[in-house]
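A.B. asks: could you work out the structure for the sequence below:
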Amino acid sequence: MLSIRKKVLSRIYGRGRGWAFSSKDFVEQFSRNDVDKALSLLNQQGTIRRVCRGIYDYPRYSKLLKQTLSPDIDQIAQAISRKLNWQILPSGETALNILGISKQIPAKYIYLTNGANNQYQIGNIRIEFKKTSLKDVGFKFRESGLIVQGLKALGKTSVNKEIINTIQDKIDKKKYRHILTDTRWVTGWIYDYIKDICSESTQ
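C.D. replies: This is a model prediction of the structure:
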């Protein structure tokens, strides 16, 4: 059991602070029962934190404030989607918040899903999943859907150089080529902005 706990903890440390997860993220290597026991012990020790039923995170910590920070809501939504084997896509306003374009702290994060309508309360914030058709959440890369939803929420005339730079700061350059391929069928004006975002010359 000690060895399994160490291996589970090593994987958690490897993903870094803020990562959210469930036992399903470990069951390919260990039995469900052993994983549940390991996560329960790590939670009791305060190494990880249970944020809702079956979902944990490795809490972020502020050296300045000298305290743990609130959970990363998008990480929790992703952990829930993996646990339930759903595909999800942030709604427009949620995408703008994740990309750092909207500075408001929302009371609700909304995700489109091919799963089921459901809600989770995380502290003062609610995660809401809304069932939609598979084609609406069918991007291969998470970043693709995030950008498309954000641009769609802003509208064609509201996108400027500052917003493009803000989105670029959130996206790994190594994924530019994949995003361009993944989104090539989207509305023309959205794809034009994606080409700007995924262009090294605009950095």
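A.B. asks: contacts for stretch 145-164, please.
C.D. replies: Here stretch 145-164 makes contact (C-beta atoms under 8 Å, 6 or more residues apart in numbering) with 89-96, 98-99, 101, 137, 139, 167, 171, 179, 183, 186-187, 189-190, 193-194, 196-197, 202. Every C-beta, even on glycine, is put in place using the N, C-alpha and C of the backbone.
A.B. asks: kindly recompute the last result at 7 Å.
C.D. replies: 89-93, 95-96, 98-99, 101, 137, 139, 167, 179, 183, 186, 189-190, 193-194, 196-197, 202 (C-beta atoms under 7 Å, 6 or more residues apart in numbering).
A.B. asks: now do the strands in this protein.
C.D. replies: Listed in chain order, the strands of the chain (DSSP state E) span 20-21, 49-52, 55-57, 61-62, 67-68, 88-90, 108-113, 118-122, 125-131.
A.B. asks: filter the contacts of stretch 145-164 down to the buried ones, PyMOL style.
C.D. replies: To isolate the buried ones among the contacts of stretch 145-164 in PyMOL, judged by 16 or more other C-beta atoms under 10 Å, type:
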select buried, resi 89+90+91+92+93+95+96+98+99+101+137+139+167+179+183+186+190+193+194+197
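A.B. asks: quick revisit: turn the strands of the chain into TSV, including mean pLDDT and distance to residue 149.
C.D. replies: Output for those, formatted as TSV (pLDDT from 0 to 100; distance: least, C-beta to C-beta, whole Å):
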stretch	mean pLDDT	distance to residue 149
strand 20-21	98	20
strand 49-52	96	24
strand 55-57	98	23
strand 61-62	92	29
strand 67-68	92	30
strand 88-90	94	6
strand 108-113	96	8
strand 118-122	96	19
strand 125-131	97	13
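A.B. asks: how about these, which one is nearest residue 144?
C.D. replies: Nearest to residue 144, of all the strands of the chain, is strand 88-90, at 9.3 Å by C-beta to C-beta.
A.B. asks: break this structure down into its domains, please.
C.D. replies: When the chain is parsed with automatic domain parsing, its domains come out as 2-68, 86-202.
A.B. asks: any chance of these in CSV, with distance to residue 79 too?
C.D. replies: Listed next are the domains of the chain as CSV, based on distance: least, C-beta to C-beta, whole Å:
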stretch, distance to residue 79
domain 2-68, 4
domain 86-202, 10
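A.B. asks: compare those domains and give me the one nearest residue 76.
C.D. replies: Once the domains of the chain are compared by C-beta to C-beta, domain 2-68 is nearest, at 4.5 Å.
A.B. asks: centre of the chain to the closest one, how far?
C.D. replies: Mean C-alpha position of domain 2-68 versus that of the full chain (C-alpha atoms, centre = their mean, to the nearest Å) differs by 17 Å.
A.B. asks: repeat for stretch 96-105
C.D. replies: 13 Å.
A.B. asks: tabulate the CA atom coordinates of it in PDB.
C.D. replies: Output of stretch 96-105 as PDB, limited to C-alpha atoms (Å, rounded to 0.1, in the frame of the first residue of the first chain):
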ATOM      1  CA  LEU A  96     -13.300  34.100 -22.000                       C
ATOM      2  CA  ASN A  97     -12.600  33.700 -18.300                       C
ATOM      3  CA  ILE A  98     -10.300  30.700 -18.800                       C
ATOM      4  CA  LEU A  99      -8.400  32.600 -21.500                       C
ATOM      5  CA  GLY A 100      -7.900  35.600 -19.200                       C
ATOM      6  CA  ILE A 101     -10.000  38.000 -21.500                       C
ATOM      7  CA  SER A 102     -12.700  38.400 -18.900                       C
ATOM      8  CA  LYS A 103     -11.400  39.500 -15.500                       C
ATOM      9  CA  GLN A 104     -14.700  39.000 -13.700                       C
ATOM     10  CA  ILE A 105     -14.900  36.100 -11.200                       C
END
